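> Here you go, sequence then predicted model.
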Amino acid sequence: MDAKAEQAIQQKYGVLSEILDERGRRLWAAVEAGQLGRGGVATVARATGLSRTTIYQGLEELAQRSGPGFFRQERTRAPGGGRKRLAAKDPQVLESLERLVDPVTRGDPMSPLRWTLKSTRQLADVLTRQGHPIGRQKVSELLGELGYSLQANRKMREGRDHADRDAQFEYINQQVMAYQLRGQPVISVDTKKKELVGDFKNGGREWQPQGQPEVVRTHDFIDRELGKVNPYGVYDPTLNAGWVSIGTDHDTAEFAVESIRRWWLKMGGLAYPTASQLLITADGGGSNGYRVRLWKVALQRLADEIGLTLHVCHLPPGTSKWNKIEHRMFSYISLNWRGKPLISHEVIVNLIGSTTNRKGLRIRAELDTASYPTGLKVTDEELGKVNLTPDSFHGEWNYTVAPFCSS
């Protein structure tokens, strides 16, 4: 704003401030600000020492007196005014951005598996060099429009990425799309980290009366009576629905398969009454790891019980954070119970079961108090009885377990 205008207002105010009452000074300042247009409130506030709140109050009073269009005609944007959307001025920018963040599927907008490995600043720099001038904030907005979100960094581990890591992701992507096109169920499974039960501090903040935070224990020593829980999740990306079994014993392969069984009996079987196959995407390690013999033996029992052919695809080693369930379900559970001490099993079940998001996520939760002993050995003979067929591509990661026909 012109310094001369500010000086003129200052001089006027020096003369009028002693004559006008509080209301008069407020209305006069509002008139001056309105006549200056954009930036007028700030200019008048600097020149007079009046607060911006006072000047805005004066503008509201004048608008009520003279109508809603008072001092706003020149600043009202005409229909179709304003900057053109970047995507309209540069139609290729979305496609270029998609190819940068999702090279594996070459920008396929229907891909159910996608990940972003570059920061918005880096993406903006690359796009600018490709002839699409853009800032990092606009990149972030465009990524949101394309259906991307920030994902947590994966943990560091020893060793190097497997040579076929990206190829395995492509293979999983193809299988997921094929199953969805045929109307067959697809689930992503994993175990959420163990949680202490009791009045322990839980990360995050929650609205409470000022000065009255919820009091919790100083130290996180396990409560021997309440112990810990193992939330094992089953997420259906097609229906955006999930199941969580909250185990009170050990996180074993039998517990993992029992969680899938409960999901099928309580949710999956009702949603897919004509299904003949089930695709399971899982991490490469843990209770559902591809090397775990008990996992495959337990899957055979499940296949025989529910009559489905189970097709399992494991994520490559060291890529557990790319599992759909991590950022489509578990992240929202963590948000829902942030700042809330998990004081009992009932509280945990209710907090998980009430989790949702704007896209309509539905979750059911149930406590599993059964015993799942560790250290169970599976002999070669027992493993040989599993009706397992490896896929032609990385059969150790991709395989089917078919039910045995009843005699």
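Cool, got the structure. All figures in this text were calculated on a predicted structure; none of them were measured in a lab.
> for the stretch 251-400 of the chain, which spans come out with low pLDDT?
In the prediction, the stretch 251-400 of the chain carries residues with pLDDT under 70 at positions 339.
> how about the helices in it?
For the stretch 251-400 of the chain, the helices defined by DSSP state H, counting those that start in this stretch occupy 253-263, 269-271, 293-306, 324-325, 331-336, 345-353, 380-384.
> give me the number of residues near Ile352?
Ile352: 25 surrounding residues under other Cβ atoms under 10 Å. C-beta: built from backbone N, CA, C; applies to glycine.
> Actually, Ile260.
Neighbours of Ile260 using other Cβ under 10 Å come to 25.
> give the contact list for it.
Ile260 is in contact with Ile187, Val189, Val234, Ile280, Leu302, counting by Cβ atoms under 8 Å, 6 or more residues apart in numbering.
> So the residue nearest to the fourth one when sequence neighbours are not counted versus Lys228, what's the distance?
Take Ile280 and drop its neighbours on the chain: the residue closest to it by Cβ to Cβ, 6 or more residues apart in numbering is Val312, 4.9 Å away. In this structure, Val312 and Lys228 are 27 Å apart, going by Cβ to Cβ, to the nearest Å.
> Looking only at neighbour counts, state which of those two leads.
Per other Cβ under 10 Å, whichever of Val312 and Lys228 has more neighbours is Val312, with 22 against 17.
> Please look at that one and Asn398 and confirm they touch.
Yes: counting by Cβ atoms under 8 Å, Asn398 is a contact partner of Val312 at 7.1 Å.
> does Pro133 count as helix, strand or coil?
Recorded secondary structure, Pro133: coil (DSSP: H, G, I helix; E, B strand; the rest coil).
> List the contacts of it.
Contacts of Pro133 by Cβ under 8 Å, 6+ apart are Leu127.
> Per-residue pLDDT of it, please?
For Pro133, the pLDDT comes out at 87.
> What residues sit buried inside the one helix or strand Asp125 maps to?
For Asp125, the host element (DSSP states H and E) is helix 120-129. Going by neighbour count (16 or more other Cβ atoms under 10 Å), the buried part of helix 120-129 is Thr120, Leu123, Ala124, Val126, Leu127.
> can you check stretch 351-370 too?
Buried residues in stretch 351-370 (16+ other Cβ under 10 Å): Leu351, Ile352, Gly353, Thr355, Leu361, Ile363, Arg364, Ala365, Asp368.
> Just put these in a markdown table and tack on distance to Thr389.
Converted to a markdown table, the buried residues of stretch 351-370 look like this (distance: Cβ to Cβ, whole Å):
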| residue | distance to Thr389 |
| --- | --- |
| Leu351 | 41 |
| Ile352 | 35 |
| Gly353 | 37 |
| Thr355 | 37 |
| Leu361 | 34 |
| Ile363 | 33 |
| Arg364 | 32 |
| Ala365 | 34 |
| Asp368 | 30 |
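> and the longest strand along the chain, how far from the chain's centre?
Counting residues, the longest strand found in the chain (DSSP state E) is strand 228-236. Relative to its parent chain, strand 228-236 has a centroid offset of 17 Å by Cα atoms, centre = their mean, to the nearest Å.
> Of all the helices of the stretch 251-400 of the chain, which one is nearest Leu181?
The closest of those to Leu181 is helix 269-271. By Cβ to Cβ, the value is 16.5 Å.
> Identify the residues contacting the closest one?
With Cβ under 8 Å, 6+ apart, helix 269-271 has contacts from Pro185, Asp236, Leu239, Ala241, Ala275, Ile306.
> Could you tell me whether Trp28 really is in a helix?
Yes: counting by three-state DSSP, Trp28 is located in a helix.
> Lys4 versus that one, what's the distance?
Taking Cβ to Cβ, one finds Trp28 at 19 Å from Lys4.
> Report all helices and strands that the helix or strand following the longest strand of the chain contacts.
Following strand 228-236 in sequence order, the next helix or strand is strand 241-247 (DSSP H and E). Counting contacts by 3 or more Cβ pairs under 8 Å, 6 or more residues apart in numbering; DSSP states H and E, strand 241-247 packs against strand 228-236, helix 253-263, helix 345-353, strand 362-368.
> what's the angle from the longest one to helix 293-306?
Following axes from the mean of the first three to the mean of the last three Cα atoms, to 10 degrees, one obtains 30 degrees for the angle between helix 253-263 and helix 293-306.
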